[in-house]
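sequence plus predicted model, see below.
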Amino acid sequence: MEHIYPSFYKTFRCSASRCPDNCCFGWGVVVDDDTAAFYESLDTPLGHALRRAMMIDEDGDRVFRMDSGHCPLLTEDNLCRVELELGHEAPCATCRKFPRLTQDYGSFIEYGLTMACPEAARLMLLEQSSWILETETSEEAAEPSDYDRDFLQELLKVRQQLLSLAWDPEVSPTQALSLCLSLGRWYQSHVDGVTADPWEKAPLPGQPGDLSAVLQAHLDLEILTGQWRDLLTQGLSYEAAALPELPESPMLRNLITYYLYHYWLQAVCDYEPCLRLQLLAVHWIVVRHLARVCLAVEGQLEPERLIQLFQLYSKEVEHDSVNRDELMDLLAEDPRFSPEALTGLL
């Protein structure tokens with residue numbers, strides 16, 4: 001079995017009490033059965049606190065009851081009481097794994113980090129060159145899977161093409177994203193059996209995009225924080241043409257890479273690879289607009305402020321499976337979110 005991860009994966013360290021957006025704020029935490037049974041067995045003050053904190057939500061999941069929007073097991077220093085008293089392995093699986101991601105494709109497993117974590121977002125977005133992947137081989141036998149192995153291998157080859165476009169020094173980051181959308185649109189046609197012609201390296205003919213519709217669609221999703229709602233509402237009040245441009249940086253290239261590693265291969269399940277690139281484009285379009293608004297209002301835009309916007313989008317939209325699924329339905333059905341319309345907004 002091959003285990004594949006970016007070179008920075010093992011360098012990640014939680015910033016704990018220094019975190020600007022603690023992962024124990026805002027989200028409901030699902031407690032797995034094994035951990036819940038362990039908590040039930042604890043005859044200690046912490047055990048009693050854990051049992052008081054657990055409840056069954058409307059979806060039938062066992063979760064921690066939030067206390068003013070944060071986990072009730074947090075200390076005054078925003079540290080996890082469970083981990084402090086019982087050790088690193090004691091928190092439930094959700095907490096132990098975050099922000100790490102694991103994607104098992106049968107013959108290999110890919111590991112990464114989610115940008116919903118501020119420290120992980122900073123680590124990834126500040127990379128200065130294309131990501132280096134490291135591979136470890138274990139004696140563990142590959143698990144059988146129902147994936148179309150030929151299609152998976154094809155997806156891997158096209159992903160490498162997309163990554164090459166993302167880091168092509170001959171084009172700007174925005175041009176790179178435009179070319180990725182173009183290749184993704186062509187490849188979707190190939191998967192659908194519509195075209196057998198080779199891809200021509202050129203951007204899609206952009207159509208007039210509707211930025212207000214994109215922002216409003218995000219306001220219509222479930223929103224965790226008032227901060228995110230305020231940013232979107234403020235963004236709707238500004239015309240893009242009146243805003244200052246952002247200075248160029250590798251952050252967009254890193255965002256492209258992030259989406260390609262975490263989402264592109266998932267198309268092996270639904271044969272909709274282009275939707276992953278549309279998700280990426282929407283992420284960039286929204287964050288860029290909000291960043292330009294911040295630049296206009298605040299007079300400056302430090303790298304950490306831009307990273308915060310990427311991270312907040314990830315937490316509110318990308319890392320929320322319900323929001324992500326609703327957005328993917330829009331991308332598939334609404335012509336205002338087509339690759340051509342999104343290209344017009346780049």
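On my side now, so go ahead. None of these values were measured; they are calculated from a predicted model. Numbers count the residues shown, from 1 in each chain.

what are the boundaries of the strands in the stretch 151-300 of the chain?
Using DSSP state E, counting those that start in this stretch, the stretch 151-300 of the chain contains no strands.

after the lowest-mean-pLDDT helix or strand in the chain comes which helix or strand?
The helix or strand with the lowest mean pLDDT-type score in the chain, counting by mean pLDDT, DSSP states H and E, is helix 93-97 (a mean of 73). Of the helices and strands lying after helix 93-97 in sequence (DSSP states H and E), the nearest is strand 100-104.

which residues sit against whatever helix or strand comes next after that next one?
Later in the chain than strand 100-104, the nearest helix or strand by DSSP H and E is strand 108-113. Strand 108-113 is touched from outside by 1-6, 9, 12, 99-103, 120, 123-124, 142, 258, 261-262, 265, with contacts defined as Cβ atoms under 8 Å, 6 or more residues apart in numbering. Every residue, glycine included, has its C-beta placed from N, CA and C.

where exactly do the helices run in the stretch 151-300 of the chain?
Using DSSP state H, counting those that start in this stretch, the helices of the stretch 151-300 of the chain run over residues 173-191, 211-219, 226-236, 251-262, 273-298.

for the helix or strand following the longest one, packing partners?
Spelled out, that is helix 273-298. The first helix or strand that comes after helix 273-298 along the chain, using DSSP H and E, is helix 303-313. Counting by 3 or more Cβ pairs under 8 Å, 6 or more residues apart in numbering; DSSP states H and E, the packing neighbours recorded for helix 303-313 are helix 118-125, helix 226-236, helix 251-262, helix 273-298.

for residue 346, which of those helices is the nearest?
helix 273-298 (7.0 Å; Cβ to Cβ).

and that closest one, which residues are buried?
Judged by neighbour count (16 or more other Cβ atoms under 10 Å), helix 273-298 contains these buried residues: 273-295.

one more: stretch 63-72?
Within stretch 63-72, the residues that count as buried by 16+ other Cβ under 10 Å are 63, 64, 66, 71, 72.

stretch 303-321 now?
In terms of neighbour count (16+ other Cβ under 10 Å), stretch 303-321 has its buried residues at 306-320.
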